[in-house]
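Peer 1: All I have is the shape, not the residue letters:
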């Protein structure tokens, strides 16, 4: 899960730096007044979300399988504890 989160943050940081460069170069608008940083942050969120969805699909599927496995083990232990209590 940590790996997926770090990869997602990396995509966001890369998007932020690329968009900051485009705004600095004048290709993208600078925003209104002093809202330049907020504009670039919001634009980075909008750009990095679909990129993360597409680029990190394999990592997300792997992470999901690990979570399902852990939940199944926890359910098995809970059922074992319940049956042990009933047997007493």
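Peer 2: It's in. Just so it is clear, the model here is predicted, and its values are computed rather than measured. Numbers count the residues shown, from 1 in each chain.
Peer 1: From now on I want contacts and neighbour counts done on CA atoms only, so please keep to that.
Peer 2: Will do.
Peer 1: pLDDT on the helix or strand hosting residue 73, on average?
Peer 2: Assigned by DSSP states H and E, residue 73 belongs to helix 57-87. For helix 57-87, the mean per-residue pLDDT is 87.
Peer 1: Show me what counts as buried in it.
Peer 2: 60, 63 (16 or more other C-alpha atoms under 10 Å).
Peer 1: Measure how far it is from the centre of its chain, please.
Peer 2: Centroid displacement of helix 57-87 relative to its chain, using C-alpha atoms, centre = their mean, to the nearest Å, is 23 Å.
Peer 1: go on, stretch 14-27?
Peer 2: Per C-alpha atoms, centre = their mean, the centroid offset for stretch 14-27 relative to its chain is 22 Å.
Peer 1: and if you look at stretch 21-32?
Peer 2: 26 Å.
Peer 1: Now it: buried residues?
Peer 2: Quick answer for stretch 21-32 (16+ other C-alpha under 10 Å): 23, 30.
Peer 1: distance of residue 8 from residue 20?
Peer 2: Using C-alpha to C-alpha, to the nearest Å, residue 8 is found at 18 Å from residue 20.
Peer 1: Then residue 56?
Peer 2: From residue 56 to residue 20 the distance is 23 Å (C-alpha to C-alpha).
Peer 1: Comparing those two, which shows the higher neighbour count?
Peer 2: residue 20 (21 against 16; other C-alpha atoms under 10 Å).
Peer 1: sec struct for that one, please.
Peer 2: helix (DSSP: H, G, I helix; E, B strand; the rest coil).
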